[in-house]
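Trainee: Compute the structure for the input listed below.
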Amino acid sequence: ANVLRNGSVLLQWGLRHWGPPSPRPSASLRGFALNCSWDGTYTRFPCDSVELGAACRDYLLAEAHGSVRYRLCLQPRYAPPRPAPPAQCVEFRVEPAAMRDIVVAMTAVGGSICVMLVFICLLVAYITENLMSP
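Mentor: Presented below is the predicted three-dimensional model:
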């Protein structure tokens, strides 16, 4: 699982994770089942019980929440004579937005307010100086 800067998670896999390689590893592969959990309790996520095709080797979980422990489990689905191997799971936590981003945003807003106040003061001084009769 690759946690990206925008808060989404890219999950990538290969068939070598499930047992010894065979001459035709994907001959009986029907697809994959992807399940998600949050802190051990199953919840409704965009990837809850997703069925993926046999050619699929990655999945993007968008808008993951910060400071939450995720558990993604992927299980291959094979044709009936072959039993399904156990699911492979990965656990991760998305870090919350950095405090630096909040400080930058607050500084930008504060700077804009200061510039507007300076323009208002200059406008009031101009009106007072030029439009008022002596």
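Trainee: Which residue ranges of this structure form helices?
Mentor: 99-130 (DSSP state H).
Trainee: pLDDT weak spots in it?
Mentor: Applying pLDDT under 70 to the chain picks out residues 15-27, 40-48, 96-101, 132-134.
Trainee: cutoff 50 now
Mentor: The chain contains residues with pLDDT under 50 at 20-23.
Trainee: mind giving me the domain split of it?
Mentor: Domain segmentation of the chain under the TED database yields 2-95, 97-133.
Trainee: Could you look over those domains and pick the most buried one?
Mentor: Across the domains of the chain, averaging neighbours per residue (mean count of other C-beta atoms under 10 Å) puts domain 2-95 on top, at a mean of 13. For every residue, glycine as well, the C-beta is placed using N, CA and C.
Trainee: wait, Glu51 sits on Arg30?
Mentor: No: judged on C-beta atoms under 8 Å, Glu51 makes no contact with Arg30 at a distance of 9.3 Å.
Trainee: Any chance you could list residues touching both of those two?
Mentor: Contact criterion C-beta atoms under 8 Å, 6 or more residues apart in numbering; residues shared by Glu51 and Arg30: Arg77.
Trainee: My understanding was that Glu63 contacts Ser8; is that so?
Mentor: Yes: using C-beta under 8 Å, Glu63 makes contact with Ser8 at a distance of 6.6 Å.
Trainee: who touches Leu72 in this structure?
Mentor: 1, 9, 11, 34-36, 47, 61, 89-90, 92.
Trainee: Quick check: the gap between it and Pro80.
Mentor: Here Leu72 is placed at a distance of 26 Å from Pro80 (C-beta to C-beta, to the nearest Å).
Trainee: How about Arg30?
Mentor: 9 Å.
Trainee: do Ala62 as well
Mentor: Counting by C-beta to C-beta, the gap from Ala62 to Pro80 is 34 Å.
Trainee: Which residue ranges of this structure form strands?
Mentor: With DSSP state E as the criterion, the chain has strands at 2-3, 9-12, 29-38, 50-52, 58-61, 69-78, 88-93.
Trainee: Nearest to Val115, out of those?
Mentor: Ranking those by proximity to Val115 (C-beta to C-beta) places strand 2-3 first, at 37.1 Å.
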